[in-house]
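1. got a sequence here, can you model it:
(2 chains)
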Amino acid sequence: MLSAYDPSGYFDEMSPQTGSFRKSYETFAQRFQQITRDDFDDRRRAVDTAFLRQGITFNVYGDSAGTEKIFPFDLMPRIISAKEWEYLERGLIQRITALNLFLHDIYHEQRILKDGVVPSYFVLSAKHFRREFVNFRVPKDIYIHICGSDLIRGGDGQWMVLEDNGRCPSGVSYVLENRRAMKRTFPAMFESVGVRPVDQYPQELLKMLQHIAPGGVADPTVVLLTPGAYNSAYFEHTYLAREMGIEIVEGRDLVVRNARVYMRTTKGLQPVHVIYRRVDDDFIDPTVFRRDSMLGVPGLVHAYRSGNVSLANSIGTGIADDKVMYYFVPKMIKYYLDQDPIIPNVPTYLASEDADRKYMLENLDKLVVKAANESGGYGMLMGPMSSVAEREAFRGAIEKDPRNYIGQPMINLSTHPTHVGGGRFEPRHIDFRPYILYGEKTVIIPGGLTRVALTKGSLVVNSSQGGGSKDTWVLYGDE
Amino acid sequence: MLSRVANSLYWMSRYIERADNTSRIVDVNLQLLLDHRNMSSQQFSEHWLPIIEATGDPAAFWKLKDVATAETVTDYLVFEPKNTNSLVSSISQARENARMVRDQLTVDIWEELNRLYLYLHSQKAREDWETSPFDFLHQVKSSSLTLQGLTDATIPHNEGWLFLQAGKFLERGDMTSRILDVRHGTLPERGVPATVSQVDALAWASVLHSCSAWDAYKSIHGAEVHPRLVAEFLLLSDNFPRSVKFCVERLNRSLRRISGVSEGRFCNDSEKLAGRLVAQLQFGTIDEVFQLLGLHQYIDALQIQLIDIGNALFNAYIFQPFQNLEAEILVQQEEQQQQGLQRSQAA
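-> You can find the predicted model right below:
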């Protein structure tokens, strides 16, 4: 089924041209050719049914009718060789190390600001900079414990970081579920191709969470704090809690007394030491942040400041997700580690710089413009696909608030063969989100979430906008 | 176990049981009507109104419907979304509770409940109901039985399971007492009627059918249906799994296992109240029931006792005294201010 595959011009992960395969795909392709079309269809249907039945779903906001949707899954795996992975791993560790040093710095000495490497203005004006936490020492000095940086590859195959997610990156449950589905579907393939496992993620996550427990607690109680059953990632929250064997709690299950956090159980109040929170800063404590938040726990921040409970991720990491800060990450790497970035950024223009803004406004039809603090594909202008009205709207927004906009050239994401029905495969654009755990040591599970834009030619891979996902195979070897 | 989780499990279980009982009541009474072809609208009302009373608030019914016919009453009991006790509402609430605690349930339980929920909201459910209400109700009953079987066979019998049991048996005991009360209009206020008309006998037989007790009753008393025997069976039977006594005993057992307190000791009021009700059913006689209070009064009191047990259980395990966000914010500010004060004094 793959011999006639036509990569049609972009950098294709599997085939430089029709009929030839990159080394890392050779064994897979050989095996895959032996599967008949009928057999493939059978297996595909079996996987779809399994996902539907188990309710591996996400919720779509603003859709009252069918709020639970299935994340479409493509059976053709994305394959990364050992050598390539080793490169990515080095690059990601370098990046998260620098980001954590940066966060520690701006919440303490602010050396990088004083030395003029990052202009103070950008940090102090950032929406997610938490003044309240200046000079607060977070447990083990770790700010971002769980990071999901989005990576892409451009036309020449060069890996680039598209953005960092240092707050509550989601999607890891799909990585684990996709792998489970693939193992059921192609059991023999795993052995012959040599794929590294990913299912240790929940244990690694739990280990990291236990590592950051407040000092003196021998057997810490770890919980996962969810916004509740209507959150788009609720499935993932229950999934991870169950895999780790910890309680999943809502804000109303927790109570703070004497600066200690307890959960309300049928046996009374029980102490909680570490909270893996999937609730954003803004909602986490109505006495400190948004007063109307019903999701948070009154007094939680006080307990946190008193050192009686640890949070992952720490409060105030959102500034690392600010797309203007993203621009400075290569400079942070140079400043703190005296290294050149291993994985480069996508070239970026800052609308607050006069020359950059001028260039952006003149080239709106060629650039991707992003609001600094939006995610999930919202607040974004895809220049070449946009209408005049959309461009004018962004022009106005940029001129009004240049601090909060950046521009990037349109990157033609690499493509990957993707099943389009009837046993046919066509190239579709993909990106990649690995999951990084920063605890006693930095752990990156060999794999991640490969998202795929299922619509032909589309570059938007977000699940809320018609994206699907693929299993990602990191090989033991290079072929 | 988290209080919220215990609460959701308890209510999920209650709502499933409620839906199950509602489907039995509707089923039996529809069948009963097949025997009475030529009823006047007055007779229809007399037949259905006690059922409305038994399953909820008649005033709520009259707000929504003008007449009490088989059509309006069954629609109210089965589909009416504004009736919080209707079959469809019950299953929706059961599913909503299940959704909150999906990590506590097995995939099988969730899928079965989800399937039932989706079915009840489908066009097909309406069509099935139109063509054969009995098949429709049969589906609901068998789904409810499947859920009970899955609950017993696929999840560990731990604390969460005990809350499921407590909810189920409290609801079932309550529903049995309500069904038994449906035909109290045929009884004198106190005392046992000497003879029973054929029509009344059929009505009392339907009470047994509604509790799936017909076969069990028959094997003890033969085909003679007398309210005294029916009441005795449904209230005081030791081993019939829908009798009030059986249910309260199971409820009591679950409560004791939840706390783990030894026999003769108590750690909260729900245990005392349940224990006392067990004793009352254990040592009471059916003649006392009819002579002292009369069946209707007795059942009224019984239902209040069950409500009290439910409330005591809620207070002991689930009640969250800090529900009010504003008040809780105030508490935090007071505490933090106090600590700030102590710190500055220490300095």
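2. is it correct that B:Ala153 falls within a strand?
-> No - when classified by DSSP: H, G, I helix; E, B strand; the rest coil, B:Ala153 is found to be helix rather than part of a strand.
3. what's the local residue count around it?
-> 9 (other C-beta atoms under 10 Å in any protein chain shown). Bear in mind the C-beta positions are built from the backbone N, C-alpha and C, glycine included.
4. swap in B:Phe246?
-> 21.
5. secondary structure element for it?
-> In the assignment (DSSP states H and E), B:Phe246 maps to helix B:244-259.
6. same thing with B:Arg172?
-> According to DSSP H and E, B:Arg172 maps onto helix B:159-181.
7. what packs against that helix?
-> Judged by 3 or more C-beta pairs under 8 Å, 6 or more residues apart in numbering or on different chains; DSSP states H and E, helix B:159-181 is in contact with helix B:3-34, helix B:41-55, helix B:133-154, helix B:198-210, helix B:227-236, helix B:244-259, helix B:295-313.
8. any idea which of those scores lowest on pLDDT?
-> Of all the helices and strands packed on helix B:159-181, the minimum mean pLDDT falls on helix B:41-55 (a mean of 82).
9. can you name the residues in contact with that helix?
-> The contact list for helix B:41-55 (C-beta atoms under 8 Å, 6 or more residues apart in numbering or on different chains) reads B:22, B:25, B:29, B:32-33, B:36, B:39, B:58, B:61, B:67-70, B:73, B:76-77, B:85, B:178-179, B:181-185.
10. check stretch A:223-233 too.
-> The contact list for stretch A:223-233, computed with C-beta under 8 Å, 6+ apart, reads A:58-61, A:67, A:170, A:234, A:237-238, A:240-241, A:244, A:246-251, A:254, A:263, A:272, A:274-279, A:283, A:295, A:297, A:464, B:99-100.
11. start to end distance for it?
-> 16 Å (C-alpha to C-alpha, to the nearest Å).
12. what helix or strand does A:Glu236 sit in?
-> A:Glu236 belongs to helix A:234-244 when assigned by DSSP H and E.
13. residues of the stretch 101-250 of chain B that sit close to chain A?
-> Listed as neighbours of chain A in the stretch 101-250 of chain B under the rule C-beta under 8 Å from any C-beta of the partner chain: B:102-103, B:107, B:110-111, B:114, B:159, B:163.
14. hmm, 7 Å instead?
-> Those residues of the stretch 101-250 of chain B that sit near chain A, judged by C-beta under 7 Å from any C-beta of the partner chain, are B:102-103, B:107, B:111, B:159.
15. farthest-separated two in the residues you listed?
-> Maximum pairwise distance in these, criterion C-beta to C-beta, is 23.5 Å, between B:Glu111 and B:Glu159.
16. quick one: which of those two has more around it?
-> A side-by-side neighbour count of B:Glu111 and B:Glu159, using other C-beta under 10 Å, places B:Glu159 first with 20 against 15.
17. excluding its backbone neighbours, what's nearest that one?
-> B:Met1 (4.9 Å; C-beta to C-beta, 6 or more residues apart in numbering or on different chains).
18. show me what contacts A:Leu449?
-> A:Leu449 makes contact with A:171, A:174-175, A:433, A:469, according to C-beta atoms under 7 Å, 6 or more residues apart in numbering or on different chains.
19. can you pull up the bridge partners for it?
-> Assessed by DSSP bridges, A:Leu449 has beta-bridge partners A:Arg433.
20. confidence score at it?
-> 95.
21. against A:Pro202, how distant is it?
-> 16 Å (C-beta to C-beta, to the nearest Å).
22. same check on B:Asp108?
-> 22 Å.
23. compare those two (neighbour count), which wins?
-> A:Pro202 (19 against 16).
24. that one - nearest residue in space that isn't next to it in sequence?
-> Per C-beta to C-beta, 6+ apart, closest to A:Pro202 is A:Glu243, 3.7 Å.
25. pLDDT wise, what is the one you found at?
-> For A:Glu243, the model assigns a pLDDT of 90.
26. tally of neighbours for it?
-> Neighbours around A:Glu243, by other C-beta under 10 Å: 17.
27. repeat for A:Phe51
-> 18.
28. that one belongs to a strand, doesn't it?
-> No - assessed by three-state DSSP, A:Phe51 does not belong to a strand; its assignment is helix.
29. show me which residues of chain A sit near chain B.
-> Counting by C-beta under 7 Å from any C-beta, chain A sits next to chain B at A:53-54, A:229, A:238, A:241-242, A:247-250, A:252-253, A:255-256, A:258-259, A:263-266, A:286-287, A:294, A:298-299, A:302.
30. select from those every entry located in strands.
-> Using DSSP state E, the subset of those located in strands is A:247-249, A:255-256, A:263-265.
31. now do the closest residue to A:Ile342 other than its chain neighbours against A:Asn345, distance only.
-> Closest residue in space to A:Ile342, ignoring its immediate chain neighbours: A:Gly91 at 3.6 Å, by C-beta to C-beta, 6+ apart. With distances taken as C-beta to C-beta, A:Gly91 is found 11 Å from A:Asn345.
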